[in-house]
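J.: need a 3D model of the sequence below.
(one chain, ligands or ions: 1)
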Amino acid sequence: NKYKLKKKHSLIKDLVSPYLSSDYKHLQKNIAYHLEYTLPQTTRNLNLFGTYLATSYTVRDRLLQLSHDTQKYYTEKKVKTACYISIEYLMGRFLQNAVLNLNLEEEYGEALAGLGYGLEDIYDQEQDPALGNGGLGRLAACFLDTLATHNYPAWGYGLRYNYGLFKQSVDVEGDQVEKTDVWLQFPYPFMIENHFIRIPIGFYGSIETYVDQKTKGTRFKWHPSEYVIAQANDILIPGYGTDNTNTLRLWSCRPIQELDFKKFSLGDFKGASEKRLNAENITNVLYPNDNEMAGKELRFKQQYFLVAATLQDIIRRLKEQKRTIYELPDFAAVQLNDTHPTLAIPELLRVLLDEEMLTWDEAWDITQRTFSYTNHTILPEALERWPVKLISHLLPRHMQLIEAINWKFLENFSENNKESGKLRKKLSLIENSRDTLVRMAWLAIVGSHKVNGVSDIHTNILKDKVFKDFHKIYPKKFINVTNGVTPRRWLHACNPKLSELITATLNSNEWIYDLTHLSKLREHADNEEFQLKWAAIKLFNKKKLQKYVKRELKIDIGYKDVVYDIQIKRIHEYKRQLMNIIGSISYYSDLLKMDPKKRKEMPKRVSFIAGKAAPGYFVAKKIIKLINCVSKVINTDPEIGDVFKVIYLPNYSVTLAELLIPATDVSEHISTPGTEASGTSNMKFVLNGGLILGTLDGANLEIMKNSGEENVFAFGITKEKVDQVKQNNIEKGAYNLMDEKMKNAINLIENGTFGNIENYQGLIEELKGVDRYILGHDFAPYMEAMDRVMQTYQKPQKWWKMSILGCAGSGWLSSDRTIKEYAENIWEIKPCPLPKIESEKQLG
Ligand SMILES: [N-]=[N+]=N[C@]1([C@H](N)O)O[C@H](CO)[C@@H](O)[C@H](O)[C@H]1O
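T.: Predicted coordinates for the structure are as follows:
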């Protein structure tokens, strides 16, 4: 080779870095470069979507550089990393968050203006990657933002579904209609297909038993009969005001063999592609169930595929650092986001025993020290239990190991004594009911060194009830880590005007990085001028929502002197959207009975409800239908006019939440006490000056504690009293104990005011019968609390004081506080900030 080969590494960085400077002129060049050579779209046929893509590629370039620097530095520092395994990530739009975290909003604004586009319009081009169902998936996304912002070495691991959570629309009958979310039909610049990371994953097959020549002990080797390939797709996670950039690695499934040519040449075209289709099927679609187990074989395959690829990737990175397998617990703290990734425990055990040839005790010790598990719900139908038959068929070696884990765990509880016999049955990882099932939460608890709930009340229920027997055995293993939300997306990005007012008032934007600074707003809570500024911003955001409702639903609503009352979350009986809509029916009925003059003077309210129902959850779909039919009747009743409106907003998403939350006066979190593990939308509302109408459940209680009970419209009984009420319902029949106003509302449903009663038969029977979620009992206090809301809104000074104090007391609800607790109490990792290169912009 006549040319002298030079050392490449440093050369490449020096060649590209000038390209990455961030003054707007450079950005413009970069955007033009991608327009011309990446898309390709020439400046001649420039359009908004093309410019969005080109702009996104320039952000991707900068994140790639920062990611290279970050991984290099973490490797040099041999730091311990947190590995968060979640089957869901509800990331929301990426571009705006990245531009703000890189602190380049001004530069991009100027650069794009020079190309004839506004930043807001560019942001609106991005679709919402909905790779999650609700709170659990969004929590994982908030955690990633915090981990990068506070320089924690961390990796997110998940699945790259070809189709995210279904797109929802509502038909003329008021029914939910689901459409496939083909989110990858257009390029998604923020996800980088990493072709260097392709990992074989096995399924089915048999187990070989042989004698270990060295220890003369029995050894096992799994011989899968089918293989697929896990392909890495990386999304780079920028931190706010830092160069640290972490990675979210999403696995997609590829076939070992793209096409079976023999079958193809025989004309069996379907057969020829069968293996590819089966493989791709594994990461084709997100299961749309929230708080409910999806007991399908394909879901089980998704769970194993995720954990097997992830553990191989972690061990590869460990060995690349020339570290031994014994150092794994000091190299990676692996968090299991609910039980969905629990197969990681027998999978790591298999690798340590069968491939690394460790002893059982060594392997089990490493396993327990590596894993920790977060529980997100106590609902029985959500606690995963997989049939032994299914596990044995797909993962024979893992079932063998689960039985071994169970045997060794139960050894301590002899069968002889009656007491321990019963305890043994309750503690067993394997449940002998109609089918023999593996209790995945039990396996997660036994295989982890720490188990946490997601709010005080929830963790206490785990300790005192759901996992009582385990808590007795492992008292130190159970801790609480109350959820949190990132203030970058959920205030700084979605409510820029309020962000600016807070920064101006506190004379620093430090609060964006450390939310405890919000407490300094307390001294302004009574200040009239400040209240007016605060109220004006809420009004500005309500106007944006009013415009959205007009544009998307063609419905006219007011916004001045109108209370925007909002309940947005997945539709579920325990979240009691049914009580919300029955409350609206009752209020509607009261308004109709009123003297028209008095009615006209009533304080105005618009009740917004949004949320998807799992396609197979018929009761939830009935609730959506009732909401839409009630909405149609009330909103078209000339007697009511603009005094009261009910609006169901289709296709709830992260992006819609970013519009709704800043525009909310009061939000409803009215779950039956003891059912909502935490809730996180409640936290986002308080952060944006919204007041809470809520039950004594989940994180509502901690919001009351930190923002002051006097600043929350709480109602209802404590969880301790719920069982008694349920008992009463069973013994006496809920209808007999029901509040008159609620009975009246139900009569209106039954007499067809809101369409054929057939549609709601099941709903009404449940309410009149057992009423498992005690709507009948809580209806009167709920309506009384709503009255308090409407009365208080008539006293603006009091209202805005509550709103400001609520926000001032919300420093604790930042995911920064949550992650600090995980890092110190579970993962034992420390921030590892990149050495600062005094880039002219980075420090913001
Ligand atoms: N599955 N799950 N659980 C949930 C949510 N539905 O995703 O996790 C969320 C995140 O921990 C909780 O806030 C919420 O209360 C709980 O129901």
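J.: what does the stretch 101-250 of the chain have sitting close to the ligand?
T.: 134, 135, 136, 139 (Cβ under 6 Å from any ligand atom). Glycine gets a C-beta too; all of them are placed from N, C-alpha and C.
J.: can you pull out the helices in the stretch 551-700 of the chain?
T.: Taking DSSP state H, counting those that start in this stretch, the helices of the stretch 551-700 of the chain run over residues 577-593, 596-601, 618-635, 654-660, 681-687, 700-707.
J.: right, so these: which one is the most enclosed?
T.: Sort those by mean neighbour count, taking mean count of other Cβ atoms under 10 Å, and helix 681-687 sits at the top with a mean of 28.
J.: what's that one packed up against?
T.: strand 666-669, strand 691-695, helix 700-707, helix 796-808 (3 or more Cβ pairs under 8 Å, 6 or more residues apart in numbering; DSSP states H and E).
J.: contacts for the second one?
T.: Spelled out, it's strand 691-695. For strand 691-695, contacts defined as Cβ atoms under 8 Å, 6 or more residues apart in numbering pick out 565, 665-673, 682, 685-686, 700, 703, 711-716, 778, 785-786, 789, 799, 802-803, 806.
J.: follow-up on the earlier one: turn the helices of the stretch 551-700 of the chain into a markdown table, including distance to the ligand.
T.: Formatted as a markdown table, the helices of the stretch 551-700 of the chain follow (distance: least, Cβ to the nearest ligand atom, whole Å):
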| stretch | distance to the ligand |
| --- | --- |
| helix 577-593 | 14 |
| helix 596-601 | 38 |
| helix 618-635 | 13 |
| helix 654-660 | 13 |
| helix 681-687 | 8 |
| helix 700-707 | 11 |
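J.: looking at the ones you listed, which is closest to residue 405?
T.: Minimum separation from residue 405 across those (Cβ to Cβ) falls at helix 700-707, 35.1 Å.
J.: give the rounded mean pLDDT of the closest one.
T.: Helix 700-707 shows a mean pLDDT of 98.
J.: next, the angle strand 691-695 makes with that helix.
T.: Angle, helix 700-707 to strand 691-695, by axes from the mean of the first three to the mean of the last three Cα atoms, to 10 degrees: 140 degrees.
J.: give the contact list for the closest residue to residue 672 other than its chain neighbours.
T.: Leaving aside its chain neighbours, residue 672 sits nearest to residue 773 (4.4 Å; criterion: Cβ to Cβ, 6 or more residues apart in numbering). Each residue near residue 773 by Cβ under 8 Å, 6+ apart is listed here: 573, 574, 576, 672, 675.
J.: switch the cut-off to 7 Å
T.: The contact partners of residue 773, taken as Cβ atoms under 7 Å, 6 or more residues apart in numbering, are 573, 574, 576, 672.
J.: swap in residue 152?
T.: 82, 819, 823, 829, 831.
J.: let me know the closest of those residues to the ligand.
T.: Set against the ligand, the nearest of those by Cβ to the nearest ligand atom is residue 819 (13.7 Å).
J.: so what pLDDT did that closest one get?
T.: On pLDDT, residue 819 comes in at 98.
J.: what does the stretch 251-400 of the chain put close to the ligand?
T.: Proximity of the stretch 251-400 of the chain to the ligand (Cβ under 6 Å from any ligand atom) is limited to residues 290, 291, 376, 377.
J.: rerun at 8 Å
T.: Proximity of the stretch 251-400 of the chain to the ligand (Cβ under 8 Å from any ligand atom) is limited to residues 290, 291, 338, 374, 376, 377, 379, 382.
J.: where does the closest residue to the third one other than its chain neighbours sit: helix, strand or coil?
T.: Leaving aside its sequence neighbours, residue 338 sits nearest to residue 376 (Cβ to Cβ, 6+ apart; 5.0 Å). Three-state call for residue 376 (DSSP: H, G, I helix; E, B strand; the rest coil): coil.
J.: do the same with the one 5 residues further on
T.: Here residue 381 takes the helix state, with states given by three-state DSSP.
J.: my guess is it contacts residue 294. True?
T.: No: using Cβ atoms under 7 Å, residue 381 is not in contact with residue 294, being 10.8 Å away.
J.: when those two are compared, which one has more neighbours?
T.: A direct count of neighbours by other Cβ atoms under 10 Å for residue 381 and residue 294 places residue 294 higher, at 16 against 10.
J.: the closest residue to the more buried one other than its chain neighbours and residue 560, how far apart?
T.: Sequence neighbours aside, residue 287 is the residue nearest to residue 294 in space, at 4.0 Å (criterion: Cβ to Cβ, 6+ apart). For residue 287, the distance to residue 560 equals 43 Å [Cβ to Cβ, to the nearest Å].
J.: mind picking out the helix or strand in this structure with the poorest mean pLDDT?
T.: Of all helical and strand segments in the chain, the minimum by mean pLDDT, DSSP states H and E falls on helix 9-16, at a mean of 60.
J.: picking that back up, top of the contacts of residue 152 by neighbour count?
T.: Most neighbours among the contacts of residue 152, by other Cβ under 10 Å: residue 819, with 27 neighbours.
J.: ok, and the closest non-adjacent residue to the residue of the stretch 701-844 of the chain found nearest the ligand?
T.: For the stretch 701-844 of the chain, the residue closest to the ligand is residue 818, as judged by Cβ to the nearest ligand atom, at 10.2 Å. Closest residue in space to residue 818, ignoring its immediate chain neighbours: residue 484 at 3.6 Å, by Cβ to Cβ, 6+ apart.
J.: what's the nearest residue to the residue in the chain that the ligand sits nearest to if we skip its chain neighbours?
T.: As assessed by Cβ to the nearest ligand atom, the ligand sits closest to residue 135 within the chain, at 2.9 Å. Leaving out its chain neighbours, the residue that sits closest to residue 135 by Cβ to Cβ, 6+ apart is residue 680, at 5.1 Å.
J.: what residue ranges in the stretch 351-500 of the chain score low on pLDDT?
T.: The stretch 351-500 of the chain contains residues with pLDDT under 70 at 414-419.
J.: please enumerate the strands of it.
T.: Taking DSSP state E, counting those that start in this stretch, the strands of the stretch 351-500 of the chain run over residues 371-374, 385-387, 430-432, 436-439, 450-453, 478-480.
J.: and the second one, what does it pack against?
T.: It refers to strand 385-387. strand 436-439 (3 or more Cβ pairs under 7 Å, 6 or more residues apart in numbering; DSSP states H and E).
J.: next one: the third one
T.: If contacts are counted by 3+ Cβ pairs under 7 Å, 6+ apart, strand 430-432 sits against strand 436-439.
J.: now do the strand it packs on: which elements does it pack against?
T.: With contacts taken as 3+ Cβ pairs under 7 Å, 6+ apart, strand 436-439 sits against strand 385-387, helix 388-394, strand 430-432.
J.: could I get the ones you listed as JSON lines with mean neighbour count?
T.: Listed next are the helices and strands packed on strand 436-439 as JSON lines, based on neighbours: other Cβ atoms under 10 Å:
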{"stretch": "strand 385-387", "mean neighbour count": "21"}
{"stretch": "helix 388-394", "mean neighbour count": "17"}
{"stretch": "strand 430-432", "mean neighbour count": "15"}
